[in-house]
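Visitor: Got a predicted structure plus its sequence, pasted below:
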Amino acid sequence: MTASNRYPTAALRASDSRHYMHPFTDYKALAEEGSRIIVKAKGVWLEDSDGKKYLDGMAGLWCSNVGHGREEIAEAVYEQMKELAYYNSFFKTSNPPAILLAEKLAELAPPHLNRVFFCGSGSEANDTVVRLVRYYWSLLGKPEKTVIIARQNAYHGSTMAGASLGGMQPMHAQGGMPIPGIVHIPQPYWFGEGGDMTPEVFGLWAARQLEIKIEEMGPDKIAAFIAEPIQGAGGVIIPPSTYWPEVKRICAKYDILLVADEVICGFGRTGRWFGSEYYGIEPDLMSIAKGLTSGYLPMGGLLVSDRVADVIIGLGDDFNHGYTYSGHPSCAAAALANLAIIEREKLVQRVASDIGPYFQKQWLALGEHPLVGEARMVGLIGALELVPNKPSRTEKFAPVGKVGTLCRDISFENGLVMRATRDSMIISPPLVISHDEADELIRRAKKTLDETYVALKKDGRVK
Ligand SMILES: *Cc1c(COP(=O)(O)O)cnc(C)c1O
């Protein structure tokens with residue numbers, strides 16, 4: 001028996017608003033409206049406590065790559081828990097699932113990344129980045145190389161370092177962030193910020209903001225540049241083709257470590273194992289989480305290149321950093337079972353050459369809708385930019401975000417989970433989504449756009 005079939009929705013909602021402080025939530029609004037209580041899930045389908053079904057267009061929170069309800073992951077974790085549910089990796093101890101997972105990740109990652117530091121989440125992975133890159137430069141006799149350059153509107157997690165690396169204004173506004181030694185440059189967001197430039201020219205412009213910042217602060221002060229290959233939470237911002245090659249060139253020229261935050265892009269989302277491969281990035285460090293376990297248990301990690309590992313191991317002594325749950329055996333067992341499914345079902349190839357192209361064609365066609373200024377997608381991650389006066393890119397809804405929220409609520413009514421970022425609609429479905437389910441997702445998205453458009457016409461918010 002599970003909790004879900006013992007308690008009525010109303011009792012759960014009342015208790016939820018009395019006791020449970022949700023992440024990223026307006027508590028007064030939640031108390032008034034009540035939460036949607038999800039009780040079970042299978043494949044791409046979610047079910048709430050009233051029995052309503054939803055197509056999970058967000059793979060949970062960008063993480064359920066193999067879909068929900070995979071019993072073989074539950075069984076692998078059950079077997080592991082019976083044998084060794086938990087032990088730590090401090091004091092020269094280790095455990096088989098963590099070892100096997102580290103080996104597996106070294107095999108799957110680009111050839112120059114052969115080591116992993118385990119942690120519990122993407123945020124912790126990025127906290128590790130800050131510690132590790134500064135330690136790296138101090139071991140090389142350059143302790144003044146401490147500054148990390150990140151991007152406006154990036155998302156790197158919610159801990160102090162993660163949120164500081166991130167470029168989210170509303171997060172910085174609470175709690176005294178960014179912490180010292182982290183600076184931000186513009187993002188490669190052509191649709192929103194590209195002005196009259198072509199995407200290619202704008203991509204170069206955005207990359208050169210990195211060079212300008214390095215020159216301004218002095219290369220001897222800069223430790224690393226961190227970025228998501230494709231920005232996820234920022235609104236699925238797909239950089240122009242000119243962006244990454246130029247960033248790579250600049251990092252090499254000034255001897256700056258390049259860190260790819262692969263928390264969303266990793267594990268097949270782009271049709272490659274890692275977004276870095278999709279863009280040819282060759283990073284020195286890669287943060288991973290989410291799709292690593294498909295969310296079955298929490299786990300993250302930082303993949304470390306030979307260049308960095310050689311210094312840390314060769315010149316360093318104690319690395320004074322680690323988590324109680326670094327290399328957690330039960331989480332590692334979940335990750336191994338998850339990766340085995342991705343390999344056996346060839347999900348990465350499926351995104352590259354089957355469901356990816358099949359889905360993209362229909363998603364991009366939604367760009368014809370009068371409410372949609374741009375439809376974009378790579379692999380199985382995409383966005384629709386809602387605009388009041390197509391084809392103008394510069395006219396926005398005011399205030400920003402209301403229309404996105406309306407559209408998201410209508411989408412829920414229509415049994416589809418899409419996320420709203422400002423006035424963009426975001427999807428990132430499980431990689432196992434079938435052709436029929438993809439058709440159904442598109443049908444529901446189209447219906448949602450139509451109904452949103454009608455509602456906006458009624459009160460004059462679209463022309
Ligand atoms: C979700 C996310 C994180 C943070 O991961 P948590 O597990 O929530 O701490 C970091 N980076 C990116 C790109 C993410 O999408």
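Guide: Received, thanks.
Visitor: ok, the spatially closest residue to Pro283 that is not a sequence neighbour to Gly280 distance?
Guide: Leaving aside its chain neighbours, Pro283 sits nearest to Ala260 (3.9 Å; criterion: C-beta to C-beta, 6 or more residues apart in numbering). C-beta here means a position set from N, CA and C on the backbone, and glycine is covered the same way. Relative to Gly280, Ala260 is positioned 11 Å away (C-beta to C-beta, to the nearest Å).
Visitor: Comparing those two, which residue is more hemmed in?
Guide: Set Ala260 next to Gly280 and count neighbours by other C-beta atoms under 10 Å: Ala260 wins out with 29 against 10.
Visitor: measure that one to the ligand for me?
Guide: Using C-beta to the nearest ligand atom, to the nearest Å, Ala260 is found at 10 Å from the ligand.
Visitor: any idea whether that residue is helix, strand or coil?
Guide: strand (DSSP: H, G, I helix; E, B strand; the rest coil).
Visitor: Quick check: which ranges of the chain have low pLDDT?
Guide: 1-5 (pLDDT under 70).
Visitor: Return the nearest residue of it with respect to the ligand.
Guide: Across the chain, the shortest distance to the ligand (C-beta to the nearest ligand atom) belongs to Gly122, at 2.3 Å.
Visitor: Count the neighbours of that residue for me.
Guide: Gly122 has 30 neighbours, counted by other C-beta under 10 Å.
Visitor: Leaving out sequence neighbours, find the closest residue to the residue most central in space within the chain.
Guide: For the chain, Ile264 is the residue whose C-alpha lies nearest the centre (C-alpha atoms, centre = their mean; 3.1 Å). Using C-beta to C-beta, 6+ apart and skipping residues adjacent in sequence, the residue nearest Ile264 is Gly232, 3.9 Å away.
Visitor: How about Gly291?
Guide: Nearest residue to Gly291 in three dimensions, chain neighbours excluded: Phe267, at 3.2 Å (C-beta to C-beta, 6+ apart).
Visitor: quick one, what contacts the one you found?
Guide: By C-beta atoms under 8 Å, 6 or more residues apart in numbering, the residues touching Phe267 are Asn65, Trp273, Phe274, Ile288, Lys290, Gly291, Leu292, Ser294, Leu339, Ile342, Val348.
Visitor: Quick one: classify it as helix, strand or coil.
Guide: coil.
Visitor: List the backbone torsions phi and psi for it.
Guide: phi 60, psi 40 (degrees, to the nearest 10).
Visitor: Ok, Lys221 next?
Guide: The phi and psi values for Lys221, taken as degrees, to the nearest 10, are phi -100, psi -10.
Visitor: And Leu108, by the same measure?
Guide: phi -80, psi -30.
Visitor: how much space between it and Trp62?
Guide: Between Leu108 and Trp62 the computed distance is 19 Å (C-beta to C-beta).
Visitor: So these two - more neighbours on which side?
Guide: A direct count of neighbours by other C-beta under 10 Å for Leu108 and Trp62 places Trp62 higher, at 23 against 17.
Visitor: three-state assignment of the closest residue to Pro97 other than its chain neighbours?
Guide: Closest residue in space to Pro97, ignoring its immediate chain neighbours: Ala332 at 3.6 Å, by C-beta to C-beta, 6+ apart. Going by three-state DSSP, the secondary structure assigned to Ala332 is helix.
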